[in-house]
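> Attaching a predicted model along with its sequence, questions to come.
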There are 2 protein chains.
Amino acid sequence: MRILIIEDNEEINDILKEAVTDAGYEAVQSFSGSEGLLRFSTEDFDMVLLDLMLPGIKGEEVLQKIKEKSDIPVLVLSAKTDIEGKVNLLRQGASDYITKPFDVREVLARIDLHAKNSGTKNVSNDLIYNEISINEESHVCSVNGNEISLTKHEFNLLRLLVLHPEKVYSKRELFELAWEEEYIGEDNTVNVHISNIRKKIREYSDNEYIKAVWGIGFRI
Amino acid sequence: MRILIIEDNEEINDILKEAVTDAGYEAVQSFSGSEGLLRFSTEDFDMVLLDLMLPGIKGEEVLQKIKEKSDIPVLVLSAKTDIEGKVNLLRQGASDYITKPFDVREVLARIDLHAKNSGTKNVSNDLIYNEISINEESHVCSVNGNEISLTKHEFNLLRLLVLHPEKVYSKRELFELAWEEEYIGEDNTVNVHISNIRKKIREYSDNEYIKAVWGIGFRI
DNA sequence: AGAGACCATAAAGAAATCATAAAGATTTAT
DNA sequence: ATAAATCTTTATGATTTCTTTATGGTCTCT
């Protein structure tokens, strides 16, 4: 996640850079509209923090140029409070408008928000439920990024549960779908496998994901 | 595009409604947190405008409840300016935070912005009767948005009643449909279960939904 | 108003269900 | 063929749910 900061005031620019960096993003500073545009056209960014009052090219113009070329979020920072301008900016494509003086924490929260909305277009075809991710192709399952090794049946069970979060599966359903054979009152075998999956998840997470629904079955 | 407005101040609520309507969206007004949640759980919306200072349920709580069930944008309106709260709200899932007093034009611009970004629809196929909602797939039952935990038979019973509101079920019917076995004069057992369901509903509602019909059975 | 039938609820004992460990059986890999 | 991994069964304790029992209240009918 690379963020381009365009802000002529050095002090504010530094503050922003520090905050962004601390939050785990990569920050690139620029101190004028033209510098910002130059960097924007030669490097790849995922977001822009744009001050409006810039020497040389005006902020509004910068926004327009950026929006012509890309659809990444642009967060506008400005001391101007006139509604007209604000509304125009937003309609012109700004993703947010933060009034100066701002609190860094709010800026960060808004950055995170827009980062979440835009960047993560989940291109991978992993099945994901919270801390659990399942890659069907490679048959790999991770909890909080830590790979756990599941047996065939464990994998099938967990895959089913994650495929339809919240849905309660009866033991019969689970057995027949995960085993692909008929259910003949094998009561405890599903229980045991569920228990084993839980144990493996527990190694890397404090949440008990698989919940029993009494008399019905299990769900995640 | 349907927008749910949750704002206890009538004047502001009306202003918002007019603005939203003029902008070509459909607006639904609600004047308290619980009313908002109720509408949210019974109707389909694409966005929520949420005031923070609400009588009864707090705005923060409303936000949380909405976010649990759906991923539609929630725009928070508030007179509170403390950064802590602001940041928390945004991190909790609010899509925007607009400080009162606001200019309607800005609110509209931000609504348009989020409307453009969100493509997600909120589809729920819950069984609903007034404050009670039942999700058959997840076997979850909520009263006024509060989840109550029902046992298998309790769930089956309530589901039946809600499935055909007003219809009177005899105890025999209830037993045979909910238990899926023959009724052999088990007199009190249905009573007890009904009583237990009532107790659980009572925790979150003042209405006595399940009514006894003397000599016949029960209905909702 | 009073008797009898019916309902409401609490509480306790009985029954069902779940969780887990561990042992034995089966399958898979080397 | 042997070892390792996986699966199923068995066993046991814990937990939840169900039914029964008991008591007091409410309604209906005469």
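Sure, I can see it. Keep in mind the model is a prediction, meaning the values are calculated, not measured. Numbers count the residues shown, from 1 in each chain, chains lettered A, B, ... in the order given.

> what does chain A have sitting close to DNA strand D?
Residues of chain A lying near DNA strand D by CB under 7 Å from any atom of the strand: A:149, A:151-154, A:179, A:186, A:188-189, A:192-193, A:214-215. (Glycine included, C-beta is placed from N, CA and C.)

> Show me how to select, in ChimeraX, the buried members of those.
Burial among the residues of chain A next to DNA strand D is assessed by 16 or more other CB atoms under 10 Å in any protein chain shown; the matching ChimeraX selection reads:
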select /A:153,154,179,193
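
> Any chance of TSV for the residues of chain A next to DNA strand D, columns secondary structure?
Shown next, in TSV, are the residues of chain A next to DNA strand D (DSSP: H, G, I helix; E, B strand; the rest coil):
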residue	secondary structure
A:Ser149	coil
A:Thr151	coil
A:Lys152	helix
A:His153	helix
A:Glu154	helix
A:Trp179	helix
A:Glu186	coil
A:Asn188	helix
A:Thr189	helix
A:Val192	helix
A:His193	helix
A:Trp214	coil
A:Gly215	coil
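
> Now do the strands in chain A.
Along chain A, the segments classed as strands by DSSP state E run A:2-6, A:26-30, A:47-51, A:74-78, A:96-99, A:127-129, A:132-135, A:140-143, A:146-148, A:169-170, A:211-213, A:217-219.

> Quick one: closest of those strands to DNA strand C.
strand A:211-213 (3.5 Å; CB to the nearest atom of the strand).

> Adjacent strands (with direction) for the closest one?
Strand A:211-213 pairs in its sheet with strand A:217-219 (antiparallel), by DSSP bridges.

> who are the neighbours in contact with A:Glu173?
Neighbouring residues of A:Glu173 by CB atoms under 8 Å, 6 or more residues apart in numbering or on different chains: A:Gly217.

> mind checking how far it is from A:Arg219?
Between A:Glu173 and A:Arg219 the computed distance is 11 Å (CB to CB, to the nearest Å).

> Same question for A:Asp82.
Relative to A:Arg219, A:Asp82 is positioned 53 Å away (CB to CB).

> Neighbour count for these two, which is higher?
Set side by side, A:Asp82 and A:Arg219 show more neighbours around A:Arg219, with 20 against 10, by other CB atoms under 10 Å in any protein chain shown.

> The nearest residue to the more buried one once chain neighbours are set aside: neighbour count?
Distances taken as CB to CB, 6 or more residues apart in numbering or on different chains put A:Val168 closest to A:Arg219, at 4.3 Å, once the chain neighbours are dropped. A:Val168 has 21 neighbours, counted by other CB under 10 Å.

> isn't A:Val168 right next to B:Glu136, touching?
No - in this structure A:Val168 lies outside contact range of B:Glu136 using CB atoms under 8 Å: 9.2 Å.

> How about chain A: which residue is closest to DNA strand D?
A:Thr151 (2.8 Å).

> got a list of what that residue touches?
A:Thr151 makes contacts with A:Asn196, as judged by CB under 8 Å, 6+ apart.

> Now it, what are its backbone angles?
Here is the backbone geometry of A:Thr151 (degrees, to the nearest 10): phi -80, psi 170.

> want to throw the strands of chain A into a markdown table with distance to DNA strand C and mean pLDDT?
Below are the strands of chain A laid out as a markdown table (distance: least, CB to the nearest atom of the strand, whole Å; pLDDT from 0 to 100):
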| stretch | distance to DNA strand C | mean pLDDT |
| --- | --- | --- |
| strand A:2-6 | 43 | 95 |
| strand A:26-30 | 42 | 95 |
| strand A:47-51 | 43 | 95 |
| strand A:74-78 | 46 | 94 |
| strand A:96-99 | 44 | 94 |
| strand A:127-129 | 18 | 90 |
| strand A:132-135 | 16 | 94 |
| strand A:140-143 | 16 | 94 |
| strand A:146-148 | 15 | 94 |
| strand A:169-170 | 9 | 96 |
| strand A:211-213 | 3 | 97 |
| strand A:217-219 | 6 | 97 |
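
> Those strands: which one's closest to B:Val107?
B:Val107 lies closest to strand A:96-99 among the strands of chain A, at 12.2 Å (CB to CB).

> Contacts for that closest one, please.
Contacts with strand A:96-99, where a contact means CB under 8 Å, 6+ apart, come from A:73, A:75-79, A:81, A:86, A:89-90, A:106-107, A:110, A:114, B:96.
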